[in-house]
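*Asks:* pasting the sequence and the predicted coordinates here, then a few questions.
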Amino acid sequence: MRGEWDDQCASIRQELGATLEHEVRILLSDSDENLKEPEVLEVELVSRIPYIGTELPTKGQPTILIVARWTDESCSAIWERAVSKIKKFVDSKRVTNGNLDHLDIAVEMIAEEHTQEKYISPVSVELLARGMETDWARIKDRIADIMASYPHTAGHATSIQLFRLGISSDDEDNPNTVYVSVDYECLETKWPPVVGEIQQFLRQFTYANLKLHFEHNIVEQCTFPLVRSRRSRAEIEAKQKAFRLLPDFPYQTRVNLGVDISASNYLKGSDGNDFSPLLGTLGCWLEIKTKKYPNGVKVALTNYHVIRPAYDGFQLLVDSKGESRIGEPKEDSQLWKLDENGIFTESTAPEIEHPTRLKHNFGVYERETIIETIPGQPREQAQKELDDIVAFFDNGHHIFGRVFCASGYTRRTDHHGRMDWALVMPLDEARIGDNRLPTFKTWTEKYFASSGHLPEPVTFGSPLQQPTKAGLRGVCQKELVYKVGATTTTTVGKFNQMKADVSIAEDRHVSPGLSEEFSYVSTGDTGAFGTKGDSGSVVWDRKGQAVGLLFTGQKPQGAKQTLTYVMAIEDLFMDIIKFSKGGIKEIRIADPTPGN
């Protein structure tokens with residue numbers, strides 16, 4: 001992964017100038033390996049960030065990056081000799097310069113295609129009809145067996161998928177690709193025999209002409225990453241811009257479909273500093289019937305991993321740069337037990353909030369900045385807004401509900417799909433919002449009306465509809481679906497009928513192994529279908545009928561689009577009823593009228 005230009009690279013440039021890259025080019029063109037242009041396309045000094053096991057990278061490594069054209073398998077041995085030769089040359093330059101002998105300058109040679117932007121799309125309906133619809137399950141199982149048979153890849157798979165992947169913006173020009181990703185503890189030097197056996201196996205499916213793509217990549221839950229409460233102005237403004245972290249003003253009492261929600265507490269990192277909790281999305285309001293509420297009561301739907309930071313045992317591991325990642329919960333803690341067993345109704349359930357303190361803190365910062373730097377009417381308006389939002393939090397109006405029940409991490413459907421859901425009981429009727437879908441105006445702020453991407457006009461500003469009997473399994477290959485998330489707001493995705501095998505690091509302590517998940521690919525140039533902060537978003541079809549709940553995602557290296565994983569709404573409803581052991585009798589999408 002390429003990092004930012006740092007002080008180590010600056011030192012090398014100051015001492016050696018640009019002659020280092022120039023001399024490497026000359027050495028390559030004069031070598032026995034005959035790597036002359038256009039085979040060698042680029043030589044550049046960069047900072048590369050290595051992944052070492054599960055540790056977060058703390059500093060980039062200065063690297064001579066050589067981009068070349070891979071012509072055939074003979075390049076493997078040629079490139080290895082060339083890199084060895086260049087490394088010796090670079091080390092000699094480093095050692096003879098007294099100011100650089102403390103640095104390690106790496107040398108890396110990669111193929112041109114690894115530097116080009118790639119496009120993802122579902123495979124064609126014709127390929128499914130020719131046999132892939134039935135063959136895919138067998139292909140996945142065999143790949144998993146092959147990886148399990150080698151000690152260096154066993155237990156390291158993070159996903160096994162099928163889609164088109166290539167450098168052409170025209171889907172039809174890109175090859176049908178079996179995509180296999182592994183975690184960063186899996187050593188790349190041990191891949192060749194595994195890759196070779198998988199490729200040999202795939203050759204028997206001649207009608208599909210399958211290409212194998214094997215890489216380091218992980219599946220990341222789509223909650224917004226934890227943010228330390230005090231950062232520099234540059235860091236704050238960068239986060240605001242990248243993740244839409246300013247709250248909507250004025251704050252609203254009612255909590256509607258698609259808004260940001262989180263646990264109502266700060267978290268203590270391993271470095272002793274305070275962090276804001278994970279930010280997710282309120283998917284929609286459901287209506288459930290229980291013994292206590294025979295006529296029905298409305299509850300908010302989101303993901304279990306969105307509300308996990310509210311429980312004792314949640315751990316944050318913080319690196320030297322102040323960046324955090326989620327660690328395993330403390331063994332035998334409240335959270336570990338919930339991860340294993342889930343939770344169903346307790347009187348002391350933790351509180352959930354909207355607006356979230358993460359967005360609230362960014363909003364306070366922005367208003368304070370305006371007050372400090374801009375005179376006149378804007379300052380007066382900013383002061384009034386600041387007073388209003390601070391009072392909203394001070395009076396406890398941000399707390400809208402308590403956790404009612406949640407799945408934990410171990411539940412699976414009969415089809416081996418993950419269950420990751422939570423229901424939040426509102427504190428009072430005044431906090432219950434509606435399930436209205438985006439208006440035509442909202443959609444056309446992001447998509448052209450003539451693009452063919454918009455849902456049917458009947459959905460504009462209308463309430464979310466009940467799922468069909470077929471649910472997500474009734475959606476066809478490449479059919480468009482929609483969602484509203486706290487980060488990316490309105491987005492459109494294409495359904496990929498070829499289910500992916502997926503492993504998520506954050507639940508491995510209680511749930512080892514791969515699950516089988518439905519996936520969507522974001523469309524065109526409109527960005528991700530779902531990203532950090534969108535966990536818990538409900539997904540619907542062109543007619544506004546609920547089909548699923550977004551819970552995690554993945555972006556292949558160099559890809560323009562993302563892959564987003566979604567739980568089927570029919571599986572979700574069935575699992576909630578089953579988990580409650582008769583406590584919940586019925587469940588449906590709530591009607592559009594706010595309140596109970």
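*Replies:* Thanks, I have the structure now.

*Asks:* quick check: which element contains residue 79?
*Replies:* Following DSSP states H and E, one finds residue 79 within helix 75-96.

*Asks:* return the angle between stretch directions for the following helix or strand past that helix and helix 75-96.
*Replies:* Using DSSP H and E, the next helix or strand after helix 75-96 towards the C-terminus is strand 106-111. Relative orientation of strand 106-111 versus helix 75-96 (axes from the mean of the first three to the mean of the last three CA atoms, to 10 degrees): 150 degrees.

*Asks:* paired strands for strand 106-111, with orientation please.
*Replies:* According to DSSP bridges, strand 106-111 forms sheet pairs with strand 61-68 (parallel).

*Asks:* show me the contact partners of the strand it pairs with.
*Replies:* If you take CB atoms under 8 Å, 6 or more residues apart in numbering as the criterion, strand 61-68 is touched by 6, 8-9, 12, 20-21, 24, 28, 35, 39-50, 75, 79, 82-83, 86, 90, 103-112, 115. In this view, the C-beta of every residue, glycine as well, is placed from N, C-alpha and C.

*Asks:* for the helix holding residue 79, C-alpha coordinates in CSV please.
*Replies:* The C-alpha coordinates for helix 75-96 follow below in CSV (Å, rounded to 0.1, in the frame of the first residue of the first chain):
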residue,chain,number,x,y,z
CYS,A,75,9.1,-13.1,-15.9
SER,A,76,8.9,-14.7,-12.4
ALA,A,77,12.6,-15.9,-12.4
ILE,A,78,13.8,-12.9,-14.4
TRP,A,79,12.2,-10.4,-12.1
GLU,A,80,13.5,-12.1,-9.0
ARG,A,81,17.1,-11.9,-10.3
ALA,A,82,16.6,-8.2,-11.3
VAL,A,83,15.2,-7.2,-7.9
SER,A,84,18.1,-8.9,-6.2
LYS,A,85,20.6,-7.1,-8.4
ILE,A,86,18.9,-3.7,-7.8
LYS,A,87,18.7,-4.3,-4.1
LYS,A,88,22.4,-4.8,-3.9
PHE,A,89,23.0,-1.7,-5.9
VAL,A,90,20.7,0.4,-3.7
ASP,A,91,22.3,-0.9,-0.5
SER,A,92,25.7,0.0,-1.8
LYS,A,93,24.5,3.6,-2.5
ARG,A,94,23.0,3.8,0.9
VAL,A,95,26.0,2.4,2.8
THR,A,96,28.6,4.6,1.0
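
*Asks:* buried ones only from the contacts of strand 61-68, please, as a ChimeraX command.
*Replies:* In ChimeraX syntax, the buried subset of the contacts of strand 61-68 is picked out as below (16 or more other CB atoms under 10 Å):
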select :8,9,12,20,21,24,28,35,39,40,43,45,46,47,48,75,79,82,83,86,90,105,107,109
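
*Asks:* can you list the buried residues in the helix holding residue 79?
*Replies:* For helix 75-96, a neighbour-count test (16+ other CB under 10 Å) marks 75, 78-79, 82-83, 85-86, 89-90, 93-94 as buried.

*Asks:* distance to residue 443 added to those, as a markdown table?
*Replies:* Output for those, formatted as a markdown table (distance: CB to CB, whole Å):
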| residue | distance to residue 443 |
| --- | --- |
| 75 | 48 |
| 78 | 52 |
| 79 | 49 |
| 82 | 52 |
| 83 | 50 |
| 85 | 57 |
| 86 | 52 |
| 89 | 57 |
| 90 | 53 |
| 93 | 57 |
| 94 | 56 |
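
*Asks:* of these, which pair is most distant in space?
*Replies:* Maximum pairwise distance among the buried residues of helix 75-96 (CB to CB): 26.9 Å, between 75 and 94.

*Asks:* beta-bridge partners for the closest residue to residue 283 other than its chain neighbours, please?
*Replies:* Excluding the flanking residues, the one nearest residue 283 by CB to CB, 6 or more residues apart in numbering is residue 538, at 3.9 Å. Listed by DSSP bridges, the beta-bridge partners for residue 538 are residue 549.

*Asks:* what's the spacing between residue 521 and residue 561?
*Replies:* Distance of residue 521 to residue 561, computed by CB to CB, to the nearest Å: 5 Å.

*Asks:* overlap in contacts of those two?
*Replies:* Taking CB under 8 Å, 6+ apart as the criterion, residue 521 and residue 561 both touch 120-121, 529.

*Asks:* buried ones among the residues you listed?
*Replies:* Buried by 16+ other CB under 10 Å: 120-121, 529, out of these.

*Asks:* out of those residues, which one has the lowest pLDDT?
*Replies:* Lowest in pLDDT among those is residue 529, which has 89.

*Asks:* isn't that residue right next to residue 562, touching?
*Replies:* Yes: applying CB atoms under 8 Å, one finds residue 529 in contact with residue 562, separated by 6.2 Å.

*Asks:* what do these two both touch?
*Replies:* Joint contacts of residue 529 and residue 562 (CB under 8 Å, 6+ apart) are 521-522, 553.

*Asks:* nearest to residue 328, of those residues?
*Replies:* Set against residue 328, the nearest of the shared contacts of residue 529 and residue 562 by CB to CB is residue 553 (21.6 Å).

*Asks:* which helix or strand contains residue 389?
*Replies:* Element membership of residue 389, judged by DSSP H and E, is helix 377-394.

*Asks:* can I get that helix as CSV, trimmed to CA atoms?
*Replies:* The C-alpha trace of helix 377-394 is given here as CSV (Å, rounded to 0.1, in the frame of the first residue of the first chain):
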residue,chain,number,x,y,z
GLN,A,377,-24.2,37.8,10.9
PRO,A,378,-22.5,34.4,10.2
ARG,A,379,-20.9,34.6,13.6
GLU,A,380,-24.3,35.4,15.3
GLN,A,381,-26.0,32.5,13.4
ALA,A,382,-23.2,30.1,14.3
GLN,A,383,-23.5,31.1,18.0
LYS,A,384,-27.2,30.5,18.0
GLU,A,385,-26.8,27.1,16.4
LEU,A,386,-24.0,26.2,18.8
ASP,A,387,-26.2,27.1,21.8
ASP,A,388,-29.0,25.0,20.4
ILE,A,389,-27.0,21.9,19.7
VAL,A,390,-25.1,22.0,23.0
ALA,A,391,-28.4,22.4,24.9
PHE,A,392,-29.9,19.4,22.9
PHE,A,393,-27.1,17.2,24.3
ASP,A,394,-27.0,18.7,27.8
